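Enquirer: need coordinates for the below:
(one chain, ligands or ions: 1)
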Amino acid sequence: MKTIYSKNHILRNSKTELYGGKLVKPFERPERMEFIINEIETRKLGPVLEPTKTNTDIIFKVHDRKYVEFLDVAWEEWLKLGLGGEAIPTVWPSRSMNSNIIPNFIEGKLGYYALANETSISAGSTKGAYEAVKVVLTAAEMLEQEKSLFALCRPPGHHASKDQYGGYCFFNNVAIAAESLKDKGAEKIFILDIDFHHGNGTQDIFYDRSDIFFSSLHGDPKEAFPHFLGHANETGEGQGEGFNINYPMQPGTPYDVWTKNLDDAISKIKTFNPDALLISLGVDTYEKDPISFFKLKSDDFFDVGRKIASINLPTLFVMEGGYAIKEIGVNTVNTLKGFENG
Ligand SMILES: [Zn+2]
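Expert: Have a look, this model is predicted:
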């Protein structure tokens, strides 16, 4: 399997994350990619190629123009304040406030466009996010010739909604890939999100669509980030009613329980019969992940890949989360090897 990867992901390199009441080194950090690339090379998954697509205008099919323009200037505007730290929002248009008027001042704009505040913006953050888009667009284009591909995206994307960033995500890479495949003639796309966290951004983007089916296996939002989306009763709206399925699961969920929900999702994929399958691949379902609570073991990821292969569709894996950094490469490549040998 070919991997598409941009070394320029390093442009996204903030130094702080607000966690546990302290500013800590971000869980989502550049070294994650080193462990994955090393494992891909050691185990000979296949060639690692640089992105060739540079036009990212398709972003505007997924994200609001004003949101993209905000990301383009957020760091420069923050820098002008001369405060020293990285850009972290502190105020939101919460339930009792008015969210219809977008503030002019950067402090207000950060709160308007952020869904959480663990994702600090620093120099290069947005440029790094564009690199992930180039990676996923290159992979989507190559999917016409390849049975499967791995878009090794960083930063991840599945928490980014039409006009909000957070959960380490700025642009929704997998959603952009789906729109790209639609542009090339695909009629139906299925996005299966197996990251530990609910893919709230992807759900938001396609919630009223019947041509792009979204399904997510994740920690119950009553117990886990993003806390305010990902419940089982969210099934789509309008044209999209019935084309969104969530599988929230409890703390401590082991593989034999998790995989029953995967089997159910696979039956939905087969019934929907899409032209292509996009996998939001997070390996933070791993038992030792520092910010998650499922109990998957490294060997279980082979089985995940094997089951996805059994669907027998053109399949694009798009990297999302995974924060047990030493094991992230093993767990990611186990999934992809399981797919290849499936
Ligand atoms: Zn995650």
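
Enquirer: going by C-alpha atoms from here, please, whenever you check contacts or count neighbours.
Expert: OK.

Enquirer: where along the chain do the strands fall?
Expert: Ranges of strands in the chain, per DSSP state E, are 2-5, 17-19, 22-24, 48-49, 148-152, 189-193, 212-219, 244-249, 276-281, 315-319.

Enquirer: and the contacts of the shortest one?
Expert: The one in question is strand 48-49. Outside of strand 48-49, the residues within contact range by C-alpha atoms under 8 Å, 6 or more residues apart in numbering are 2-5.

Enquirer: phi, psi of the residue of the stretch 1-150 of the chain found nearest the ion?
Expert: Using C-alpha to the ion, the closest approach of the stretch 1-150 of the chain to the ion is made by Glu28 at 9.8 Å. For Glu28, the backbone dihedrals (degrees, to the nearest 10) come out as phi -90, psi 100.

Enquirer: so who does the closest residue to Trp92 other than its chain neighbours touch?
Expert: In this structure, Trp92 finds its nearest non-sequential neighbour in Gly111, 4.6 Å apart by C-alpha to C-alpha, 6 or more residues apart in numbering. Contacts for Gly111 (C-alpha under 8 Å, 6+ apart) come out as 89-93.

Enquirer: those residues, buried ones only, as a PyMOL selection?
Expert: In PyMOL, this line selects whichever of the contacts of Gly111 come out buried by 16 or more other C-alpha atoms under 10 Å:
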select buried, resi 89+92
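
Enquirer: list the contacts for the residue in the stretch 201-342 of the chain positioned nearest to the ion?
Expert: With C-alpha to the ion, the shortest gap between the stretch 201-342 of the chain and the ion falls at Gly321, namely 4.3 Å. Listed by C-alpha under 8 Å, 6+ apart, the contact set of Gly321 reads 28, 156, 195-196, 281-284.

Enquirer: between the residues you listed, which sits nearest Asn100?
Expert: Pro156 (28.1 Å; C-alpha to C-alpha).

Enquirer: what's the burial count for the closest residue to that closest one other than its chain neighbours?
Expert: Distances taken as C-alpha to C-alpha, 6+ apart put Glu320 closest to Pro156, at 4.5 Å, once the chain neighbours are dropped. Residue neighbour count, defined by other C-alpha atoms under 10 Å, stands at 30 for Glu320.

Enquirer: quick one: Glu31 and Asn200, what's the gap?
Expert: As for Glu31, its distance to Asn200 is 25 Å (criterion: C-alpha to C-alpha, to the nearest Å).

Enquirer: same deal with Lys297?
Expert: Relative to Asn200, Lys297 is positioned 25 Å away (C-alpha to C-alpha).

Enquirer: next: Gly322.
Expert: 17 Å.

Enquirer: and these two? Which one has more around it.
Expert: The neighbour count for Gly322 versus Asn200, taken as other C-alpha under 10 Å, is higher for Gly322 (27 against 20).

Enquirer: can I get stretch 248-257 in PDB? Just the C-alpha atoms.
Expert: C-alpha atoms of stretch 248-257 as PDB (Å, rounded to 0.1, in the frame of the first residue of the first chain):
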ATOM      1  CA  PRO A 248     -21.000   5.300  21.500                       C
ATOM      2  CA  MET A 249     -19.300   2.900  23.900                       C
ATOM      3  CA  GLN A 250     -18.500   2.900  27.600                       C
ATOM      4  CA  PRO A 251     -15.200   3.300  29.400                       C
ATOM      5  CA  GLY A 252     -13.200   0.100  29.400                       C
ATOM      6  CA  THR A 253     -14.700  -1.300  26.200                       C
ATOM      7  CA  PRO A 254     -12.600  -4.300  25.100                       C
ATOM      8  CA  TYR A 255     -12.100  -5.400  21.500                       C
ATOM      9  CA  ASP A 256     -14.700  -8.200  21.500                       C
ATOM     10  CA  VAL A 257     -17.400  -5.600  22.300                       C
END
